[in-house]
Every structure is written in C-alpha cells, then in structure tokens.
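In: sequence-free structure coming up:
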C-alpha cells in the first residue's frame, strides 16, 4: 500500500498521464448529470475542461523544473494555475443568458468552474480532495435539485421555473400543452413562442410554478410520450 501511495505521489510521465485520465473521469461523472438534463455543456465538455485544467496544473507544477532552480531566473510557477480560473470564467460566462425575467445557465456555469478546480486538484496530486469535490458537486446538482427545490426557490425569492418545449406546429398544440400542464398541477405564468424556418415546429419558453409535491421532470417525461412532442424539460 505504501508503494502505491509513493507511486501516485511521485513525478513520472506515467503518474502525470494517470492524473489527467482521472481528471477526465471525474469531469465525465459530473458531465453525465448535465447531459441527462439536456444542458448545452454536457459529458464531453466537462471531460475536456477537467483534463485541460489538470494538464495546465501539471505544466505549472512540473513544466519549469529545468529553470526554476537557476539563480539567474525568477519564475512564479503558480501563475499558470491561477490563470486557469480566469480562462474558465470566460467559458462559464458564455453559458449564462437572460430570457425574459429568467437567468439561465448559472448552475452549469458554476459546475464548469468547479469541474476545472477538480481537474486542477487531480493534476496537483490531491486525489482525495478531487474525488470528494466530485461527490459534493453531484450532491448539490442531483439531490438538492430533486428533493430541496422548494427550499431552494424560497432562498432565491423566486418560485418561477423556466422550461423549454419544442412541439409540432398545429392549431391546438399550445392549448393542449397548457391544458396538460394545468391538469398536472403546473401553472404557466408567461411564455414566448418561436416558429422554425420550415414552420413545422414551435419552440416555447415557459415560466411555470407548481406545488412542492409535483415532480416537474416526471410531468415533462410523460408529456414527451405524446405525438408531436420533440423536446420538453425544465431548466
């Protein structure tokens, strides 16, 4: 056991490659949850972010060993790692957008930010810290979303949930959607409708409210079983 710990804490090409792979696995675990919720930044994006962050930390930590001990050269190797956060911030900002009164993408952007930190921790050899961080992030994204959504909305002082629906363009499609939601305890407060270029599909953005015993994901899963429904999910 001691030999294994010494191996993973050591400095060799094999160990550094393993760190990058482990970072990618951690990022993928986080990304699966985002993909299942049909978010733009999903499985592959999180893997790439985590592996990239790990690689940059490895470069920061080990890439300057040939000059760091030279008396004539002063190098702050931590600057590479610190600038990862700046770069990820730009990436995260691109996932946040405003639609009407709703701000969307905040959770995904924050998740990308933490995913980068997980990759940095793995690249630095902080294996336990990285793995526990993955667990805590998934706890917030899955468990809190599923069971504490009412409490979360109270804290945010906002009981409206943005939703996305894409359906076939028929004369009664929108009325049937609102009737279905109302029958399942979901109330629509406002909506915007966009028509596709072919005029065959309607893209609808909704802000809805529902009781705490209503599972909005289950409601949309059942709605997806209807003919003429292409996409339906809460954001």
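Out: Yep, it's here. Computed from a prediction, not measured in an experiment: that's the story for all the values here.
In: State which helix of the chain is the longest.
Out: Secondary structure of the chain read by DSSP state H shows that its longest helix is helix 13-36.
In: what comes up buried for that helix?
Out: For helix 13-36, burial by neighbour count (16 or more other C-beta atoms under 10 Å) applies to 16, 19-20, 22-24, 26-31, 33-34. Every C-beta, even on glycine, is put in place using the N, C-alpha and C of the backbone.
In: other SSEs contacting it?
Out: helix 2-9, helix 43-62, helix 106-123, helix 127-138 (3 or more C-beta pairs under 8 Å, 6 or more residues apart in numbering; DSSP states H and E).
In: that older thread, reformat the buried residues of helix 13-36 as a markdown table; add pLDDT and distance to residue 55.
Out: Shown next, in a markdown table, are the buried residues of helix 13-36 (pLDDT from 0 to 100; distance: C-beta to C-beta, whole Å):
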| residue | pLDDT | distance to residue 55 |
| --- | --- | --- |
| 16 | 84 | 9 |
| 19 | 86 | 9 |
| 20 | 88 | 6 |
| 22 | 89 | 12 |
| 23 | 88 | 8 |
| 24 | 87 | 10 |
| 26 | 87 | 14 |
| 27 | 85 | 12 |
| 28 | 86 | 16 |
| 29 | 85 | 18 |
| 30 | 83 | 17 |
| 31 | 83 | 17 |
| 33 | 76 | 23 |
| 34 | 77 | 21 |
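In: quick check, nearest of the residues you listed to residue 233?
Out: residue 34 (12.2 Å; C-beta to C-beta).
In: The closest one touches residue 49, doesn't it?
Out: No. If you go by C-beta atoms under 8 Å, residue 34 and residue 49 don't touch, sitting 11.3 Å apart.
In: what sits against residue 42?
Out: Residue 42 is in contact with 31-32, 34-35, counting by C-beta atoms under 8 Å, 6 or more residues apart in numbering.
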